[in-house]
Structures are given as C-alpha cells and as structure tokens.
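Asker: Predicted model follows, preceded by the sequence.
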Amino acid sequence: DLLFCPDFTVQSNRKSGPDNPEDMGSIDSCEYIWESGVGFAHSPPHNFQHDQHRTEIIKLFLTCFSETMYLPPIADAHTVPNQWIQYFTSTDNRHALPLFTSLLNIVCAYDPVGYGVPYNHLMFTDSREQLVEGALQVLCVTMENESSNHNVSVDGTSGGTAMDAQSDTGGPDNLFVNYLSRIHREEDFAFILRGITRLLNNPLTQTYLPGSCKKIQFHQELLVLFWKMCDINKKFMFYVLKSSDVLDVLVPILYFLNDARADQSRVGLMHIGVFILLLLSGERNFGVRLNKPYSVRVPMDIPVFTGTHADFLIIVFHKIITTGHQRLQPLFDCLLTIIVNVSPYLKTLSMVASTKLLHLLEAFSTPWFLYASPTNHHLVFFLLEVFNNIIQYQFDGNCNLVYTIIRKRNVFHQLANLPTEHATIAKALSKRGKKFVQLTPESGKDLPTMEGAMPAMEAEPGTLKTTLAATPIKLKPDMRRLDRMTEKAAPDEGHSELTLKELATSTGNINIQPPSEIQDPDSPEHNKPKAKASRSVPNSPPGSPTGSETTAKPPLARTSSTSSSGGSWVATPEWVQSWKQKLPLQTIMRMLQVLVPQVEKICIDKGLTDESEILKFLQHGTLVGLLPVPHPILIRKYQANSGTTMWFRTYLWGVIYLRNVDPPIWYDTNVKLFEIQRI
C-alpha cells in the first residue's frame, strides 16, 4: 500500500480542498503507476521526495526477500519458494499488476544522460538512479522465485504463452512471470528493448569532455533482466532478433566480456554475458544479423579491423581465450559453440578474424594438449565444424578464411596424421609447456589496437567478490559438460539427421592450456613469461554450507588428468584412434586438394608475391560439384536445467549483496548462499 500512497510515494489525483484524505483500501493503484510505458500512457510529474520514499521501501522489500542468501547453494535447500516473494507476486497482493508495471516502466524509461548537459550528474542529485537500481533488483529476484518447474511456460515454437492449469485457481503462480509472458504488443517490446539497450550502452558512451557523462553501474542486473525477458517471453526474443537492434545488445555484452576477462571478481559477469549469447545464437536470425558492418568503434584493446559484427565477436572471443584468467576455462566450450551456431550464416570474415580462428585451432590441436585430458579434443571438433560450415555454405564471400586455411594447411595435415602410438603419446606429454605453436612472423606481428583503448585490468587489491554456485555445464562427473546446457536441433524440421557423431564420453578431469601458453600472437606480451595473477583460495568441499563447488578455480576448472589425485585417466592409442577417425576433415582436405595446386601454379606462372592477387583469384573461384554433399546445419540450443537455476540465483544475490553497501544491509551476517572473499 505504501508504494501507492498519495503524497508519499505517488502524486495525489484528488483536487485540493476540505475533502477527507483518500482511503488506502479503496484506491485503485492502477491509476497511480509510476511511469508511462507498458500498459500505462500517462507520465506523472517527477518528484524527488516520492522517489526517495519508493527507494527506501524497495530496499526494505529486498531485505525481506533475502532469505535465499541464508540457504546453502544446494538444490534441496531451495525446493520451497520464498514465502515473501510468493505473496508479493500472488493474487493475494492486490497491487501485483501496478507494481510489476511500475517497476518495469521505471527501469525502461530511465535516461541517465537526460538533456545531455555535460557534468550535470555532478551538479544535480539524480534521485532516480537508486530507485531504478532497486526496482531492477526486485524485478530480477521476484521473477526468479520459482521452485522446480515453471508455473507459466512459454511455447518456444509458436512464441505464444501456455498458461498453467492452476493459473485460474489463484494457486501459487508467480504473477510477475505471468504478466511478463503475456506482453505481446510491438510498441511495448520496442519500449522495453529501447530502455535496456540505452542503459547497456551507457557505460560505452564516449565524449570529448572526460567524465562529463553519467555512467551507470547496474549493467549486471540489466543483463539478468534481459535474460529473463528472453527466457520467459519468446515473442520478445524473436522481436529482438528480427531486426539489427539485437546488435545494440551484442556490442555492450562483448565490451563487458572483454573488459572483465582479466578480473576474477567479475567472473559472474563473464558467465551471464556468454549465456545470453549462447541463448541468442540458437536462433538463425542472430547469425544473419552479425553480417552487418561494425562501425561503432568502442575503444577496446583489440586489433583494429574493418569488418562485420561477426568479426568483432570472433576477435573478442579469441582475446578472452588467449588472455583471460584461468577461471574462464569452463567457458571455452560455450564460446566455440556460439561461433559454431552462427558460422553457417557468416557471409564474409575479415583477415584478422580468420587468422584468429586458425590460431585457436593451432593452439588446441597440439598433440600434448589433445592427449592431456579426455575432452580437450572437443574444442578441435568445434573449430573444424566452423570451417566446414563456412566452406559448405558461405564459400563465395570468405576468401580471407580460405586463404588463411591454405596458408596454415600444415595444421590440418598434422591433425590427420596425429600419432597414436604409446611412445609418441608419452613423448608429447613430456614436452608439455616446453614448446608451443611456432607462429610465423606474419601472424606474430603486432597489430595496432583501437585508439583510446585501455587494457583489461585485474581487480584492485581489496575488492570483494562472492563465490558462485557450480557452473551448470558440469553437475556430476558422469555427465557431459556442454550437453547439460544445450540441446541439438536443426534450424528447420527437414534436417533431423545429425552428421557429427557423439563425441567420446569418457569421464575424468579436463585440461585446458594455461593462458600463458595459449598466447595471442598479436599481443605485445607474446613469448614473454607471465606472472601468476592471483593467489589461490582453499577449495570448499562440495557439500559444505559455503556451498560453491570450488572457490579458487571454477567448477569446471580443467586440471591435468595425469596429475590428478587418482591418476585414473591416461591417454591410450585406442582412445586417440576412437575420436581421430571421426575428425570431420574431409571437406577441408578436399578443398585443399583442389585449391593448393591452383594457387601454387598461379604464384609460379605470374611470379606473385602479393596476397591480394591470390585473394582475388579465390574470390572468383568456385568449388561447386567438387566438395562432399553439404552436411545438415546443426544448432546447439541453450537448454535450461536445475543447475542454471541455482547458478543464476547465487549470481544474482551475490550482485545484490555487493551493490547494497550503503547501508551495508547484509554485511557480517551468516550468509550461506556464497562466500565473501577479498581479492
């Protein structure tokens, strides 16, 4: 009631006079929605006092909702929904609809820049920012309070909503989820998307006057809200993907990923960004939209390139893999899956992006790396699938990639002839770390980075961070990692056959090359030894109240199988042979067989030393009728599971804990959902 109390949190609609004050019980709160937008056209006047009162009440609600923080991060402890949130979002709360609408509209209508007066945030207090942040946190928390199943499901194929049978009986349905799933008007979707993209892009704003533009700090909560919107309302996700507006979400996500890659305190931000891109990449339209030329030029410490948003995505992913900290290693499969999903639709890759992809293959196909764990070869399968998709479906526009494959053909020949004898495997493992991919001078030359770019920084000493629940890619040792988060699907029903056979499903620990050994050939640090970035923290046992599967390393940290405590797994010739014979090299080898002699002949006949002439030849070449029959396009779609639910819950409450330090509501209390650590 207090959130819709006239002259306290909302503007009174009664005319001044000797009338009695309005009775709170008889007020129709739908007339007092805080901001125009979804379902409400009238924009009430802005009142500083009302904003302050709303903010304080919202903080009180958050405190009441925070019982979740005091439960350990194990599924059994979270089977009963939070009673406070359940009441707040149920039919028992007569203000549920205006509350939901007010919170959503206040977030999506917020413009931190205002009229654009430089340094206005230093001269005037912005009462709305704290309110927007609180509203955003309440929205995210209330839409997350569902037990084992969704009471309101969304039919992903038709994009419509399928209401649960209980919804008419006033049962425990979450009305906030219900309302969100029912939004369907295009103007409402446009309002929501415009608001989210405006706020996500705010930290990227560049001005001639340093510090003149207000920068918001609640981008993590915004990403969670966007995730929830796409997950709960498929119509909204299809709306986002049907135009280039999705790129206004992609660019800030890639900016945040690149900026946070060296900071261990922001590993949760890395995960939510990658999860969103994995969700979007499951739709064909996302891959198609990536072909739009990239012209935004946000200052980032990546090589200068001329190309599309697809190039931008590949270059940032390469940077994360080669220069990110070790806690990001569980995400490598996800990053490559995203590239695989979009690869059949990429019309033209730049030379920079093509070189980066080949560098990753070069790094991941070294024998010692492939033999070091039972799952490292999956990364090679992903990259080969990328090349096959582009060659089979987008050969005409991708002369840069074809040229790079021809130049690096040695890598493919070495893969095809990978030794499988006991002695060779033992010898390769003994050489681990002593020798790495020899990069040619051409690929190792320094490329200029974008003007005004700042390198990704590690966390400041003393920064607080929260541990996360086990990443949902691996819940039990006997489950495939990525398969817990994705399901295989064809982009259309006609392609139900899978061409890639199931990869080896051996159990055991996994090993990813340390970032110091998978170096970016274009970075100034190439070939220089790297210092260890952070001190390790003792692991907490899986069943402990602190509850994270691990603190010093991520749940999927790839530790060496040969050095594991049991030492149970060692590469055998039979194991290597089992997946080596499934390497999808036929298309690439056939292309090399056709093109390499032609390119060599042209170079000899014309005495060519300039690669532009070769590119011109490849551009006008064709492989029609020469390649194997095109394989069906295989998309790996994001699949929700109990692990993702727990991960999001831990992540979200960790963010809320760290963002609410004034006053420090939960500081020094017996929080069990995560641990608080000082870096």
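Answerer: Structure received. Numbering: from 1, shown residues only.
Asker: I614 is in contact with I602, isn't it?
Answerer: Yes: at 7.0 Å, I614 and I602 qualify as touching, with contact defined as CB atoms under 8 Å. All C-beta spots, glycine's among them, are computed from the backbone N, C-alpha and C.
Asker: And the two? Which one has more around it.
Answerer: More neighbours surround I614 than the other of I614 and I602, with 21 against 15 (other CB atoms under 10 Å).
Asker: on contacts alone, who are the packing partners of the helix or strand where that one lies?
Answerer: Using DSSP states H and E, the element containing I614 is helix 611-619. In terms of contacts (3 or more CB pairs under 8 Å, 6 or more residues apart in numbering; DSSP states H and E), helix 611-619 is packed against helix 399-407, helix 586-606.
Asker: Buried deepest among these, which one?
Answerer: Neighbour counts (mean count of other CB atoms under 10 Å) averaged over each of the helices and strands packed on helix 611-619 peak at helix 399-407, with a mean of 22.
Asker: Out of the helices and strands packed on helix 611-619, name the one with the poorest average pLDDT.
Answerer: Of all the helices and strands packed on helix 611-619, mean pLDDT reaches its minimum on helix 586-606 (a mean of 86).
Asker: other SSEs contacting it?
Answerer: Against helix 586-606 (3+ CB pairs under 8 Å, 6+ apart) you get helix 377-393, helix 399-407, helix 409-416, helix 611-619.
Asker: Columns distance to R266 on top of those, output as TSV?
Answerer: Below are the helices and strands packed on helix 586-606 laid out as TSV (distance: least, CB to CB, whole Å):
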stretch	distance to R266
helix 377-393	24
helix 399-407	32
helix 409-416	33
helix 611-619	39
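Asker: Least reliable of those by average pLDDT, please.
Answerer: helix 611-619 (a mean of 81).
Asker: And D301, which helix or strand is it part of?
Answerer: D301 belongs to no helix or strand, assigned by DSSP H and E.
Asker: Wait, it touches N258, no?
Answerer: Yes: with contact defined as CB under 8 Å, D301 reaches N258; the gap is 7.3 Å.
Asker: out of these two, which sits in the more crowded spot?
Answerer: Remark: of D301 and N258, N258 carries more neighbours, 25 against 16, as counted by other CB under 10 Å.
Asker: would that one count as being in a strand?
Answerer: No: going by DSSP: H, G, I helix; E, B strand; the rest coil, the assignment for N258 is helix, not a strand.
Asker: residues in contact with it?
Answerer: 300-302, 316, 319-320, 456 (CB atoms under 8 Å, 6 or more residues apart in numbering).
Asker: Would you state the strands of the stretch 151-300 of the chain in chain order?
Answerer: In order along the chain, the stretch 151-300 of the chain carries the following strands (DSSP state E, counting those that start in this stretch): 152-154, 161-163.
Asker: neighbours around the closest residue to H184 other than its chain neighbours, how many?
Answerer: Of all residues not flanking H184 in the chain, K235 sits nearest, at 5.8 Å (CB to CB, 6 or more residues apart in numbering). Using other CB under 10 Å, K235 has 19 neighbouring residues.
Asker: From E186, how far off is K235?
Answerer: 10 Å (CB to CB, to the nearest Å).
Asker: next one: E611
Answerer: 47 Å.
Asker: In terms of neighbours, single out the busier of these two.
Answerer: Shown here are E611 and E186; by other CB under 10 Å, E611 has more neighbours (14 against 10).
Asker: what's the more buried one in contact with, if anything?
Answerer: Y403.
Asker: Using PDB, list the CA coordinates for stretch 361-373.
Answerer: Extracted in PDB, the C-alpha atoms of stretch 361-373 (Å, rounded to 0.1, in the frame of the first residue of the first chain):
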ATOM      1  CA  LEU A 361      42.900 -24.400 -34.000                       C
ATOM      2  CA  GLU A 362      46.700 -24.300 -34.000                       C
ATOM      3  CA  ALA A 363      46.700 -23.900 -30.200                       C
ATOM      4  CA  PHE A 364      44.100 -26.600 -29.400                       C
ATOM      5  CA  SER A 365      45.500 -29.200 -31.800                       C
ATOM      6  CA  THR A 366      49.000 -29.500 -30.300                       C
ATOM      7  CA  PRO A 367      49.500 -33.200 -29.500                       C
ATOM      8  CA  TRP A 368      50.300 -32.800 -25.800                       C
ATOM      9  CA  PHE A 369      47.100 -30.700 -25.300                       C
ATOM     10  CA  LEU A 370      44.900 -33.300 -27.100                       C
ATOM     11  CA  TYR A 371      46.400 -36.100 -25.100                       C
ATOM     12  CA  ALA A 372      46.300 -34.300 -21.700                       C
ATOM     13  CA  SER A 373      42.600 -34.900 -21.000                       C
END
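Asker: Kindly provide the whole-number mean pLDDT of that stretch.
Answerer: pLDDT averaged over stretch 361-373 gives 89.
Asker: ok, which stretches of the stretch 251-400 of the chain are helices?
Answerer: 267-281, 284-289, 309-323, 332-342, 351-364, 367-371, 377-393, 399-407 (DSSP state H, counting those that start in this stretch).
Asker: Quick one: those as a markdown table, columns for distance to S102 too.
Answerer: As requested, the helices of the stretch 251-400 of the chain are exported to a markdown table (distance: least, CB to CB, whole Å):
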| stretch | distance to S102 |
| --- | --- |
| helix 267-281 | 25 |
| helix 284-289 | 32 |
| helix 309-323 | 35 |
| helix 332-342 | 36 |
| helix 351-364 | 44 |
| helix 367-371 | 54 |
| helix 377-393 | 45 |
| helix 399-407 | 50 |
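Asker: Of these, which is nearest P632?
Answerer: P632 sits nearest to helix 377-393 of all those, at 10.2 Å, using CB to CB.
Asker: relative to helix 309-323, how tilted is the closest one?
Answerer: 160 degrees (axes from the mean of the first three to the mean of the last three CA atoms, to 10 degrees).
Asker: the inter-axis angle of helix 377-393 versus helix 351-364?
Answerer: Using the same axes, to 10 degrees: helix 377-393 against helix 351-364 is 140 degrees.
Asker: List the contacts of helix 377-393.
Answerer: 332-333, 336-337, 339-340, 343-346, 349, 357, 360-361, 364-365, 370, 398, 401-402, 405, 415, 482, 500, 503-504, 579, 582-585, 587-588, 591, 623, 627, 630-631, 633-634.
Asker: Please convert the buried members of those into ChimeraX selection syntax.
Answerer: A single ChimeraX command is used to select the members of the contacts of helix 377-393 judged buried by 16 or more other CB atoms under 10 Å:
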select :332,333,336,337,339,340,343,344,345,346,349,357,360,361,364,365,370,398,401,402,405,415,482,500,503,504,579,583,584,585,587,588,591,623,627,631,633,634
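Asker: picking up where we left off before, columns distance to L279 on top of the helices and strands packed on helix 611-619, output as JSON lines?
Answerer: Rendered in JSON lines, the data for the helices and strands packed on helix 611-619 read as follows (distance: least, CB to CB, whole Å):
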{"stretch": "helix 399-407", "distance to L279": "26"}
{"stretch": "helix 586-606", "distance to L279": "29"}
